[in-house]
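# below: sequence and its predicted model.
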Amino acid sequence: MTTVEQQGKLTLAAIAQEAGVSVPTVSKVINGRDDVAAETRSRVMAVLARTGYKSPVQQRRNLTGRQAVEVVYDSLDSAYSIEVLNGILEAAGAADIEVVLSVTKRVPSRLTPEQRARRIVDEGRCGMIMVTSAFSEAQLDAFHRRGVPTVVIDPLNPPSGKAVSIGATNWAGGKDATSHLLDLGHRKIAYLGGPEGVECNQARLHGYLAALRAGNVAVDDRYILQGSFKSESGVEGMKKLLQLKDRPTAVFAANDNVALGALAEARRQNILVPEELSVVGFDGTYQSEESVPALTTVAQPLQEMGRAALRFILRQMRGELLDSRRVELATQLVVRESTAPPPGP
């Protein structure tokens, strides 16, 4: 047995004694083995976090002395992404945590879930924050087995109980946006949605439908179009809506990008906003303030979502028990210049 192995064994013995388990059990947890009961794993991970234990590989790799969290984006090409990242960076700076940024669309990972989890541990990362990214259950399982604290923000697929999930009150926001249009007198209200299978898009759609039903307004399937969260989707959706004989007088878009695309297409077709068409977005990015006309939108607390994600990483590192693994922060309707009562007959 080498000196490093001896030191590791002594450290593991102390961890095992405090957790009330055997040394081999501690070793299994550290190495991501799946033949450990969930309650036992949690108890060992809490002790590891509390004592600040690092494997010999981590001790060799983490030469800066500072802990680092990895932040993963599918893409970093929107105001939404930048605002969430600003929140993460602010909280990380206050906690003296380094941030390592990965963008998966530009550099797709060729690692298996287990290899990626092992790399995260070996490089001394203290946690993972995934923003609007689709991660498989296999990947989340691998992170969980190796004790990597994981937080997902606005996940594209339903969150696993193995990761903390942070989002906004998407259903309530969708209902508020649609109710605002109903209160102005609109009855022909379209929904320009994002990807059909994405959880936050579905919640906003269901909020829209709930508001229509509460207002005794029949749902017109022609007014519901699904697409992407890109501005191009707003352009294409608006083209289809404006071709309808009985076209809508208002549009609720699944995010600000889609709303801005809809505004651009309306302008190209000489449709006046808000005199002839009202438009509401979702996100509350700086782009919504700068558009012409300024966009009415449902604002998400984007920077606070980033700060909360970092705080949850720190809490998991300390071995704290979490009251909930799903957090929803309140949205707020911000009324600006893009909405008005519908045009007269």
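Right, received. Where do you want to start?

# for the rest of this, base every contact and every neighbour count on C-alpha atoms.
OK.

# which positions within the helix or strand hosting residue 259 qualify as buried?
Remark: residue 259 resides in helix 256-268, with elements defined by DSSP states H and E. Residues 256, 257, 258, 259, 260, 261, 262, 263, 264, 265, 266 are the ones in helix 256-268 that count as buried (16 or more other CA atoms under 10 Å).

# which one of these is nearest to residue 198?
residue 258 (15.1 Å; CA to CA).

# how close does the closest one sit to residue 171?
As judged by CA to CA, to the nearest Å, residue 258 and residue 171 stand 18 Å apart.

# run through the residues that contact the closest residue to residue 273 other than its chain neighbours.
Distances taken as CA to CA, 6 or more residues apart in numbering put residue 338 closest to residue 273, at 5.9 Å, once the chain neighbours are dropped. Applying CA atoms under 8 Å, 6 or more residues apart in numbering to residue 338 gives the contacts 273, 274, 278, 279, 280, 293, 294, 295, 296.

# so which helix or strand takes in residue 338?
Using DSSP H and E, residue 338 is not contained in any helix or strand.

# and residue 152, bridged to which residues?
Beta bridges link residue 152 to residue 130, residue 165, judged by DSSP bridges.

# isn't it right up against residue 163?
Yes - at 6.8 Å, residue 152 and residue 163 qualify as touching, with contact defined as CA atoms under 8 Å.

# the more surrounded of the two?
Each of residue 152 and residue 163 has its neighbours counted (other CA atoms under 10 Å); residue 152 has more, 25 against 20.

# can you check the pLDDT for that one?
At residue 152, the pLDDT value in this model is 90.

# residues contacting it?
When contacts are counted by CA under 8 Å, 6+ apart, residue 152 touches 129, 130, 131, 132, 133, 159, 163, 164, 165, 166, 309.

# assess the claim that the third one and residue 76 are in contact.
No - using CA under 8 Å, residue 131 makes no contact with residue 76, being 9.6 Å away.

# of those two, who's got more company?
Applying other CA under 10 Å to residue 131 and residue 76 shows that residue 131 carries more neighbours, namely 24 against 18.

# now the more buried one: how far from residue 103?
Separation of residue 131 from residue 103 (CA to CA): 10 Å.

# ditto for residue 243
Computed as CA to CA, the residue 243 to residue 103 distance reads 38 Å.

# neighbour count: the two, which is higher?
Between residue 243 and residue 103, counting by other CA under 10 Å, residue 103 is the more crowded of the two (15 against 9).

# for that one, give the beta-bridge partners.
Beta-bridge partners of residue 103, counted by DSSP bridges, are residue 73.

# ranges for the strands of the stretch 51-200 of the chain?
For the stretch 51-200 of the chain, the strands defined by DSSP state E, counting those that start in this stretch cover 68-73, 98-103, 125-131, 150-153, 164-168, 189-192.
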